[in-house]
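Participant: Quick one: sequence plus predicted model below, questions after.
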Amino acid sequence: MKYEIFGDNLPAVTIYLNAGEAIYTQSGGLTWMSSEMSMETNTKGGLLKGLARMVSGESLFLATYTAQAPDQFITCASTFPGHIIALDVTGKNYIAQKSAFLCAEPDVEVSATLPEGVKLTARLFGGEGIIMQGIKGRGYVFLEIDGSVRELDLAVGEKIIVNTGNVACYESSVKFSVETVKGLKNIVFGGEGLFLTTLEGPGKVWLQTMTMPSFARRIIPFLPEKKDK
């Protein structure tokens, strides 16, 4: 399998498949494809797994596209301005933000997960909710990142502090913890809310410069108001 990510900050990925190769997307994930591709819609793992995916921001049904001839292709586009990253999950597990999944090879499993060691109240008020996406298996997965992306490789014991909503993805070897912002003035006037996330190596992390909730809050004042007749 080969792929090409294109489109700058309105990205898409074209995946090139040989006969018998396949990828799956969430429902409605197709943008365009070549003529010799078959489509099968299913819950991939059964109803319970499908319902669990819905909790993590994905659709109940998934669509699997399989090449029926050599030299076929399929394109999936991001649903939000940002970037697409490709991760080979073979031998590694990842944790990604809710709704990050775009498409993947069939042996990649995406499921709802709770970050270990994070208090319920911290996840509720930390900016991205409680549920994240656990990713494991074999092959490539393609994820949507909001805004620009920065990849960091943390050494053993190395820590960074991040606004919770700006954590896009990290290797499962990275320790994820959410802590209360210290100081009343910082909480009230600092603009960062009650909690910040600490990421501790070893492992890679992917950080995003934008979040959909903050983007929505900024454009809401400019939306036209509905007037009563």
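Facilitator: Alright, I've got the coordinates.
Participant: What is the neighbour count of Lys159?
Facilitator: Lys159 has 12 neighbouring residues, counting by other CB atoms under 10 Å. In this view, the C-beta of every residue, glycine as well, is placed from N, C-alpha and C.
Participant: Would you mind stating the distance between the residue nearest to the spatial centre of the chain and Tyr140?
Facilitator: Central residue of the chain (CA atoms, centre = their mean): Ala100, 1.6 Å from the mean position. Ala100 sits 14 Å away from Tyr140, taking CB to CB, to the nearest Å as the criterion.
Participant: re earlier: for the closest residue in space to the residue nearest to the centre of the chain that isn't next to it in sequence, I want the exact helix or strand it lies within.
Facilitator: Sequence neighbours aside, Leu143 is the residue nearest to Ala100 in space, at 4.4 Å (criterion: CB to CB, 6 or more residues apart in numbering). Applying DSSP states H and E as the criterion places Leu143 in strand 140-146.
Participant: Could you tell me which ranges of this protein sit under the pLDDT cut-off?
Facilitator: Low-confidence segments of the chain (pLDDT under 70): 44-60, 116-130, 180-194, 213, 215-217, 226-229.
Participant: Try it again at 50.
Facilitator: Applying pLDDT under 50 to the chain flags residues 126-127, 183-191.
Participant: any chance you could map the helices in it?
Facilitator: Applying DSSP state H to the chain gives helices spanning 47-55, 120-125, 184-189, 212-219.
Participant: can you pull the contacts of the closest residue in space to Ser34 that isn't next to it in sequence?
Facilitator: Using CB to CB, 6+ apart and skipping the chain neighbours, the partner closest in space to Ser34 is Gln72 (4.6 Å). By CB atoms under 8 Å, 6 or more residues apart in numbering, the residues touching Gln72 are Tyr16, Leu17, Asn18, Ala19, Met33, Ser34, Glu36, Met37.
Participant: Go again with 10 Å.
Facilitator: 15-19, 21, 33-38, 65-66 (CB atoms under 10 Å, 6 or more residues apart in numbering).
Participant: so of those residues, which ones are in strands?
Facilitator: Ile15, Tyr16, Leu17, Met33, Met37, Ser38, Tyr65, Thr66 (DSSP state E).
Participant: What about the second one, how many residues nearby?
Facilitator: Applying other CB under 10 Å, we find 15 other residues in the vicinity of Tyr16.
Participant: Look up the residues forming beta bridges with it.
Facilitator: Beta-bridge partners of Tyr16, counted by DSSP bridges, are Lys2, Phe73.
Participant: I'd like to know how far it sits from Ile145.
Facilitator: The spacing between Tyr16 and Ile145, counted by CB to CB, is 22 Å.
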